[in-house]
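>>> Fold the following, please.
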Amino acid sequence: MQTYISLLRGINVSGQKIIKMEVLRKMYENLDFQNVKTYLQSGNVIFQTNETPVKVLETAISDKITEMFGFDVPVIVLDINDLQEIINNNPFAQRASEFLYITILAAEPQNDFFEKINSKKAENEEFAVIKRAAYFYLPNGYGNTKLNNNLMENALKTKATTRNWKTLNALAELAK
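This next block holds a predicted model:
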């Protein structure tokens with residue numbers, strides 16, 4: 001059995017796309033996933049299944065959400081090794097953790113995105129993109145930056161979902 005982490009984008013935010021975690025856990029179990037655990041109310045799900053390509057898992061989960069709840073939710077699935085690599089690659093890991101955010105990308109960016117993102121950042125903000133992750137040091141907080149998830153999706157031309165540093169580390173611990 002392989003351990004996977006799925007990150008759902010945009011559920012339970014501002015009263016939109018509400019999915020109760022107990023219902024979500026049962027939905028994953030109905031997809032024949034094992035040892036299903038959720039973390040927080042924002043669509044972080046750890047599960048195990050036979051080794052399967054992540055794109056197949058993403059499609060199965062997304063299709064089931066559409067079928068059950070009637071709305072589309074972008075889903076990004078990582079295996080435990082991918083998540084650990086993202087954590088290990090954080091160039092800002094030695095900074096104050098409350099200001100660290102990571103945008104997980106559905107695919108590695110294939111375009112020249114640096115200028116578009118750089119033009120939106122505040123003077124004291126920093127970012128780096130490594131493989132399928134965009135790392136941010138945001139000392140003014142995520143709520144006060146222009147470097148948000150929508151900008152990342154537009155600049156990098158791929159679906160994405162953002163989590164704070166504490167959440168990603170907690171998911172890695174739960175997945176072990």
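>>> quick check, distance from the top helix by length along the chain to the centre of its chain.
Ranked by residue count under DSSP state H, the longest helix found in the chain is helix 54-69. On the basis of Cα atoms, centre = their mean, to the nearest Å, helix 54-69 sits 15 Å off its chain's mean C-alpha point.
>>> tell me which residues of that helix are tucked away?
Residues Val54, Leu57, Glu58, Ala60, Ile61, Ser62, Lys64, Ile65, Phe69 are the ones in helix 54-69 that count as buried (16 or more other Cβ atoms under 10 Å). Glycine gets a C-beta too; all of them are placed from N, C-alpha and C.
>>> Using CSV, write out every CA atom in it.
Extracted C-alpha coordinates of helix 54-69, given in CSV (Å, rounded to 0.1, in the frame of the first residue of the first chain):
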residue,chain,number,x,y,z
VAL,A,54,-1.5,10.4,-9.1
LYS,A,55,-3.4,11.7,-12.1
VAL,A,56,-5.7,8.7,-12.0
LEU,A,57,-6.3,9.3,-8.3
GLU,A,58,-6.9,13.1,-8.8
THR,A,59,-9.5,12.3,-11.5
ALA,A,60,-11.3,9.7,-9.4
ILE,A,61,-11.5,12.0,-6.4
SER,A,62,-12.6,15.0,-8.4
ASP,A,63,-15.2,13.1,-10.3
LYS,A,64,-16.6,11.6,-7.1
ILE,A,65,-16.8,15.1,-5.5
THR,A,66,-18.7,16.4,-8.6
GLU,A,67,-21.1,13.4,-8.5
MET,A,68,-21.8,13.7,-4.7
PHE,A,69,-21.7,17.4,-4.1
